[in-house]
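Participant: Sequence below, structure please.
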Amino acid sequence: MSARRLRQAGWLALAGLAVALLAVPWVPALVYPVFVMKLLCMALFACAYGLLLGFGGIMSFGHAAFFGGAAYVTGLAAKLGGWPPEGALLAGTAGAALLGAVFGAIAIHRQGIYLAMITLALAQMVYFACLQLPFTGAEDGLQQIPRGRLFGVIDLRSDMAMYYLVLLLSVGGMLLIRRIVNSPFGHVVLAIREHEPRARSLGYPVERYKLVLFTLSAALSGLAGSMKALVFQLAALSDVHWHLSGDVVLMALLGGLHTVFGPAIGAALVVALQYYLDAFGGWVTLVTGLVFMVCVLSFRAGIAGTVQAWLARRPD
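Facilitator: Take a look at the predicted model:
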């Protein structure tokens, strides 16, 4: 089969996936809509992280702070502030963007493991704040977050309405990431990743580009966390725990760091393993680790990256 036909098959598979996602709320006996909503949130989170690491070359071990921090901001705005869901989502996303700008301003002046350790330390401070502040619920988290009515019309207490909102925002966020990567800004970011001294010698303000990229990644991660808080009506400490920061690194590596949508594949794989193997308790961690080892050994560029490279080598 030629590469052209393979690409056509890929488009057909994508169309089939779109139809399947649209049909999910109508077949709850086959697929649990809330599970798919969680998968979509984590897919957006993984793609947002892939934007930072895969295209910017910036390793962060603290992305759970943006995901979980936005979940808490959204929960507080909806539950204590009485904000409508659109306002709560915007508040969570804006809060994550602000937090990302602060983290980035502190961390981007370092590189490699030093930058990663700074982000981890800052994220642990956010975790401690969520644990100790009197209005966050401590170990119990922020519970019974109201979904409310979108624009005062659409009742999000319906899982179907909530599902289509999550689907719309998740796909929109991934398409925005694709647009960022293919924009002039994205090309400069790639140049910085490949050879930072040369980009600096050409007159590009490297730190400014890194800070903007860090903020964009944090904002999109925050959007994912805000949606998850409304879906489950809960903002929990697990959303800001460093384990989640490790999980998103795993998702991005499994799917393919240097692809736009590859991390979403990794997120789907990890979330599905956690969901379907939940009955085995701690064994799910072992199984996930084995899957990670197999994928790293078999697909050095990740699942999507390997398929993309294979298609590029085939003649038309």
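
Participant: Please identify the buried residues of stretch 94-111?
Facilitator: By 16 or more other Cβ atoms under 10 Å, the buried positions in stretch 94-111 come out as 94-101, 103-104, 107-108. (Glycine included, C-beta is placed from N, CA and C.)

Participant: How about stretch 262-273?
Facilitator: For stretch 262-273, by 16+ other Cβ under 10 Å, it's 262-271, 273.

Participant: Going by distance to residue 297, which of the buried residues of stretch 94-111 wins?
Facilitator: residue 107 (31.4 Å; Cβ to Cβ).

Participant: so how far is residue 191 from that closest one?
Facilitator: From residue 107 across to residue 191, the span is 21 Å (Cβ to Cβ, to the nearest Å).

Participant: and the end-to-end length of stretch 197-217?
Facilitator: End-to-end span of stretch 197-217 (Cα to Cα, to the nearest Å): 23 Å.

Participant: and for that stretch, what are the contacting residues?
Facilitator: Stretch 197-217 is contacted by residues 48-49, 51-52, 55-56, 58, 60, 63, 66, 97, 100-101, 103-105, 107-109, 180, 185, 188-189, 191-192, 196 when judged by Cβ atoms under 8 Å, 6 or more residues apart in numbering.

Participant: mind checking how far the closest residue to residue 141 other than its chain neighbours is from residue 247?
Facilitator: The shortest distance from residue 141 to any non-neighbouring residue, by Cβ to Cβ, 6 or more residues apart in numbering, is to residue 236 (3.8 Å). Distance of residue 236 to residue 247, computed by Cβ to Cβ: 14 Å.

Participant: Kindly report the same for residue 65.
Facilitator: 14 Å.

Participant: Ok, residue 72 next?
Facilitator: 19 Å.

Participant: These two - which one has more neighbours?
Facilitator: When residue 72 and residue 247 are compared for neighbours, residue 72 comes out ahead with 29 against 23, by other Cβ atoms under 10 Å.

Participant: The more buried one contacts residue 236, correct?
Facilitator: No - here residue 72 lies out of contact with residue 236, judged by Cβ atoms under 8 Å, at a distance of 9.3 Å.

Participant: who touches both of those two?
Facilitator: The contact sets of residue 72 and residue 236 overlap at residue 142 (Cβ under 8 Å, 6+ apart).
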